[in-house]
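Trainee: the following block contains a protein sequence and its predicted model.
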Amino acid sequence: MKIYQSWYHPDINITILNIAIVLLILFCAYVYGSRKSSNNIDKPEYKFFKSALMYKILMGVIFALTVMFFYPGDSFAYFESINSLGKLFIENPKHYFDILLFGNKPEFHSYFNANTGYPPYYMWRDANAIFVARFYSPFMFLTYRSYLLSTIIASLIGFTGLWKLYKTLCKIYPGIEKKFIFAIMYMPSLFFWTSGIMKDTLTISAIGWIIYAFYELVILKKIKIKYILIVIVSSIVIINVKAYIFLALVPGLFIWAFFGQMKAIKSKVLKILLAPAILGILFLAFSLLMKNASEYMGVYGDLDSTLAKASVIQQDLVRHEQYGHNYYDIGKFEATPMGVLKKFPIATISGIYRPFLWEAGNPFILLAALEGTFLFLFMIYVIFKTGFLRFFRIIFSDPFLIFSLSFVIIFGFGVGLATANFGALVRYKIPLLPFYVASLFIIEYIYNKKKSLK
């Protein structure tokens with residue numbers, strides 16, 4: 001029995017059965033979380049596992065209801081595509097697996113018909129968008145084509161990567177688990193926009209899995225097939241969904257690897273002797289990786305096309321007749337390295353901290369503005385507490401902090417340069433949020449620890 005039917009699409013509805021299943025999922029999460037916490041009582045981070053898991057499920061419900069009642073958008077279109085793929089699987093499994101494995105080849109569009117329904121054509125034409133539907137599709141077979149239940153599944157996929165990121169940071173910095181749970185699990189826009197059938201849910205999860213596997217594989221030198229596979233699969237997801245995240249993440253990871261190796265060498269003489277060789281090996285590995293990955297990254301495969309793409313997107317999103325007045329303008333820039341670097345300060349500030357409070361034009365943007373204000377004030381607080389010079393000394397003494405904040409700056413710069421529209425910016429900057437907030441907590445923790453030792 002339906003208790004809600006969306007005006008937007010006949011498949012978007014809520015039934016009594018849906019509500020019963022949601023309650024069952026919450027009960028199972030409570031039982032599973034309780035058991036997981038009790039079985040890992042010696043690991044402080046697990047005392048937050050149950051609450052974080054249940055909160056993520058509830059956030060998925062909130063996301064679904066928000067989209068249903070107030071904000072129909074791409075999430076519905078992904079859901080339509082997933083439904084069409086699911087019906088295609090029942091009708092012709094071979095055709096389904098053709099699309100699942102090989103993507104949106106033009107001839108594959110004829111596989112769909114009136115019985116299966118058609119993915120929205122603007123999504124079918126976009127390889128990145130249809131990849132999202134392809135990835136989610138196998139996970140959605142048991143949701144009875146329910147948007148509410150499908151959203152919860154997507155939210156749980158996002159949770160897996162965030163939890164891996166949280167566990168990794170707790171392993172590196174034991175003692176600040178409570179602060180990390182806020183930075184990674186409870187930041188409002190981070191948790192909301194990674195709780196639905198969206199690109200952001202997949203990318204944040206993939207980032208978390210990469211950090212977890214990279215730390216085990218490269219920093220702790222645990223050479224295991226599973227870590228290599230996690231890095232490969234997660235990289236494929238990011239490249240196929242939002243390749244520019246990969247461009248920002250990979251340099252930071254190599255920086256982490258370099259400084260991590262340097263810190264492991266105790267002898268200053270050996271550091272001086274080995275630094276050029278380690279740097280050379282890492283640079284060669286980075287070059288080979290980017291060369292092999294570039295053919296799969298489309299316009300982000302080389303510097304010139306990346307800069308041109310950024311300029312086109314920025315000027316498109318600033319057109320108020322198309323997007324309203326919900327935008328900011330950092331000014332035009334030439335699609336050259338020097339032209340882009342001239343915009344570095346304003347683009348980076350915009351990418352990390354905007355929208356400002358006085359730029360908020362609706363409740364969603366206001367919440368993002370409050371979050372941006374918190375980010376700025378928190379940084380000022382930590383700088384004043386530690387002292388300006390000590391703040392940077394702490395950063396450059398810790399390999400993870402160097403990686404984390406280099407990623408924040410590179411990514412913030414890229415997003416601030418190319419976005420311009422506040423509605424898009426709120427979602428696009430999500431990957432930097434957990435690293436930014438966690439890094440400030442780490443700096444404060446290291447300072448307090450050194451101070452207590454003195």
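Mentor: Thanks, I have it. Numbering: from 1, shown residues only.

Trainee: quick check: what element follows the helix or strand residue 157 falls within along the chain?
Mentor: Here residue 157 sits within helix 147-172, counting by DSSP states H and E. Scanning forward in sequence from helix 147-172 by DSSP H and E, the next helix or strand is helix 177-185.

Trainee: so the nearest residue to residue 146 once chain neighbours are set aside is in which element?
Mentor: Nearest residue to residue 146 in three dimensions, chain neighbours excluded: residue 18, at 5.3 Å (CB to CB, 6 or more residues apart in numbering). All C-beta spots, glycine's among them, are computed from the backbone N, C-alpha and C. Element membership for residue 18, per DSSP H and E: helix 16-39.

Trainee: sorry, back to before: which neighbouring elements make contact with the helix holding residue 157?
Mentor: Contacts defined by 3 or more CB pairs under 8 Å, 6 or more residues apart in numbering; DSSP states H and E place helix 147-172 against helix 16-39, helix 49-69, helix 74-91, helix 127-136, helix 177-185, helix 199-214, helix 433-453.

Trainee: apply 7 Å and report the result again.
Mentor: Contact partners of helix 147-172 among helices and strands, from 3 or more CB pairs under 7 Å, 6 or more residues apart in numbering; DSSP states H and E: helix 16-39, helix 49-69, helix 74-91, helix 177-185, helix 199-214.

Trainee: quick one: closest of the ones you listed to residue 227.
Mentor: When these are compared by CB to CB, helix 199-214 sits nearest residue 227, at 4.2 Å.

Trainee: on that earlier part again, list the helices and strands the helix holding residue 18 packs on?
Mentor: Applying 3+ CB pairs under 7 Å, 6+ apart, we find helix 16-39 packed against helix 49-69, helix 147-172.

Trainee: try it again at 6 Å.
Mentor: Helix 16-39 is packed against helix 49-69, with contacts defined by 3 or more CB pairs under 6 Å, 6 or more residues apart in numbering; DSSP states H and E.

Trainee: buried ones in the helix it packs on?
Mentor: Within helix 49-69, the residues scored as buried using 16 or more other CB atoms under 10 Å are 49-50, 52-64, 67-68.

Trainee: stretch 350-362 too?
Mentor: By neighbour count on 16+ other CB under 10 Å, the buried set for stretch 350-362 is 350, 351, 352, 353, 354, 355, 359, 360.

Trainee: ramachandran angles for residue 12?
Mentor: Main-chain dihedrals, residue 12, degrees, to the nearest 10: phi -90, psi 100.

Trainee: tell me the contacts of it?
Mentor: Shown in contact with residue 12 (CB atoms under 6 Å, 6 or more residues apart in numbering): 6, 147.

Trainee: one more: residue 108?
Mentor: 98, 99.
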